[in-house]
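>>> Sharing a model prediction with you, sequence too.
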Amino acid sequence: MRTTDGEVGLRLYRAGDRDRLVAIADNPNVARTLADRFPHPYAREDAENWLARVKTETRPCNMAIEWRGELVGGIGIEPMADVHSGTAELGYWLGEPYWGKGIATRAAGLIISYAFDELLFIRLQASVFAGNPASCRVLEKNGFVREGVLRKHIRKNGRIRDAFLYARLRSPG
Ligand SMILES: CC(C)(COP(=O)(O)OP(=O)(O)OC[C@H]1O[C@@H](n2cnc3c(N)ncnc32)[C@H](O)[C@@H]1OP(=O)(O)O)[C@@H](O)C(=O)NCCC(=O)NCCS
């Protein structure tokens, strides 16, 4: 799967991405607002484990974000199970030098189209740590609605904080 809007693109990960992944992911500022399954420090072995994991996906759900032909981050959707099987959870990150250029907003737009039009999910949701306004904006600019506050839902780096639940539906109503 490959998709692009000209400047920002999504593509499958490749084995050769390992060192570049470590270079941009091994940063406490990136990990701070992500779940602990995004490791910090982010070592070569972590990149290898990640690349081995995504290789097993039969329907690609995790993709590398490219900006001007260079790997700059990752984005993915995680299908939920059981009665929630029409829903997928959206997540994304960028290497810090690439923040503030509109890249995440555009990458999210690309994966949202893929998730709704090709994978036929009916709902996408994301939970954002309180204190991450940039990510809230990425979602709002892509038509997500803040549905609620998940109080004290996050324990990260020894601190408890709220999260915001955002969602967008394939067809409203
Ligand atoms: C969150 C993240 C992906 C945003 O990526 P990005 O490419 O910088 O986002 P964009 O440039 O597309 O949009 C950011 C928006 O947030 C706004 N923003 C940035 N910092 C802000 C702040 N402190 N307060 C309010 N708005 C802020 C920007 O102005 C922009 O909105 P605008 O276009 O309306 O002006 C990036 O910061 C990141 O990777 N962070 C670490 C990982 C993470 O938090 N992932 C999301 C987990 S839910």
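Cool, got the structure.
>>> What ranges does the protein have for its strands?
Using DSSP state E, the strands of the chain run over 2-4, 8-11, 62-67, 70-79, 87-94, 123-129, 145-156, 159-169.
>>> Save those strands as JSON lines, and put in mean neighbour count and mean pLDDT too.
Using the backbone N, CA and C atoms, a C-beta is placed for each residue, glycine as well. What follows is those, written out as JSON lines (neighbours: other Cβ atoms under 10 Å; pLDDT from 0 to 100):
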{"stretch": "strand 2-4", "mean neighbour count": "13", "mean pLDDT": "82"}
{"stretch": "strand 8-11", "mean neighbour count": "20", "mean pLDDT": "98"}
{"stretch": "strand 62-67", "mean neighbour count": "22", "mean pLDDT": "98"}
{"stretch": "strand 70-79", "mean neighbour count": "19", "mean pLDDT": "98"}
{"stretch": "strand 87-94", "mean neighbour count": "21", "mean pLDDT": "98"}
{"stretch": "strand 123-129", "mean neighbour count": "21", "mean pLDDT": "98"}
{"stretch": "strand 145-156", "mean neighbour count": "13", "mean pLDDT": "98"}
{"stretch": "strand 159-169", "mean neighbour count": "17", "mean pLDDT": "98"}
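>>> Throw the ones you listed into a markdown table and include distance to Ala107, thanks.
Output for these, formatted as a markdown table (distance: least, Cβ to Cβ, whole Å):
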| stretch | distance to Ala107 |
| --- | --- |
| strand 2-4 | 10 |
| strand 8-11 | 6 |
| strand 62-67 | 5 |
| strand 70-79 | 5 |
| strand 87-94 | 6 |
| strand 123-129 | 13 |
| strand 145-156 | 20 |
| strand 159-169 | 15 |
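>>> Out of these, which is closest to Ala47?
In terms of Cβ to Cβ, the element of the strands of the chain nearest to Ala47 is strand 70-79, at 10.7 Å.
>>> May I have the strands that pair with the closest one, each with its orientation?
Sheet pairing of strand 70-79 (DSSP bridges) gives strand 62-67 (antiparallel), strand 87-94 (antiparallel).
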